[in-house]
Each structure stands twice: as structure tokens, then as C-alpha cells.
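[1] got a predicted structure here, sequence first:
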Amino acid sequence: MPLPPPALHPRATWLAVLLALPGLAWAAADAAPGLQDVSVLAGTCANCHGPDEHTGGDIPALRGQPASRLLQRMQSFKAGTALDATVMTRLMKGYDDAQIQALAQWFGRQQEGR
């Protein structure tokens, strides 16, 4: 008898559904995502990192960090060079360079708007 498929964490299921939506598909690779697209992507980050500077755990907050720092971290996650990373190395492989830059700017802009 075959084994049932592994259960997905609710956040993983939600992320998979969001990324499968046709409105989130960008026409060209590395095309700059629109504001609505970035806000949806940023919402998936908030699932673990929290919507503000209070994450309530060991997961670092994104708000309040400079965009350049966030960009460097996300790029190192994607490249697999962040030795202190856990799940982020796998997650960032699903984002293209334009999406990573847009997310860094999104959270960096929140820092400036305090």
C-alpha cells in the first residue's frame, strides 16, 4: 500500500496557492513586480517574520532593517552562502532577482517611514 503524501504546513500551502495565482506570474524573467504583487509576496514573509518589529521569537523582524542589508541577506540565502540559515535558503530559491530587490525595498521603505 503506498504511503500518503506528507502533510504540508498551513503556511506552505498558503504560499503555494498564492504563487500559483495567474496574477502573480510576471511576463518576463526579472521584470519588476508591481506594487500589488510585492505586497502579496511581503505578506507571505509576515507569516513567519511578523507584520511589524515584534516577531515574538527567534525569527528576525524585517521591518526596521535597511534595504541594502535585507537585499544582501536574501541574495546570500538564494546563493546558499548564508551558513546561519535554516529554511530561508530553500525559500529564496523560488524568487527571481527582481522579486528579491522589490522585497528588500518594500521592507526597507517601512523602516524609513517610521
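    Yep, that arrived. Residues are numbered from 1 along each chain as shown.
[2] can you give me the strands in this protein?
    Here the chain has no strands by DSSP state E.
[3] where does it dip in pLDDT?
    1-31, 52-56, 110-114 (pLDDT under 70).
[4] ranges for the helices of it?
    10-20, 35-49, 67-79, 88-92, 97-112 (DSSP state H).
[5] mind putting those helices into CSV with distance to Ala61 and mean neighbour count?
    Every C-beta, even on glycine, is put in place using the N, C-alpha and C of the backbone. Formatted as CSV, these follow (distance: least, Cβ to Cβ, whole Å; neighbours: other Cβ atoms under 10 Å):
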stretch, distance to Ala61, mean neighbour count
helix 10-20, 17, 12
helix 35-49, 6, 15
helix 67-79, 11, 17
helix 88-92, 14, 17
helix 97-112, 9, 18
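[6] could you export these as CSV, including distance to Asp58?
    Shown next, in CSV, are those (distance: least, Cβ to Cβ, whole Å):
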stretch, distance to Asp58
helix 10-20, 16
helix 35-49, 11
helix 67-79, 15
helix 88-92, 13
helix 97-112, 18
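[7] can you tell me which of the ones you listed is nearest to Gly57?
    helix 35-49 (9.0 Å; Cβ to Cβ).
[8] ok so, going back, ok, which of the helices of the chain comes nearest Pro60?
    Going by Cβ to Cβ, the one of these nearest Pro60 is helix 35-49, 6.9 Å.
[9] great, nothing more from me.
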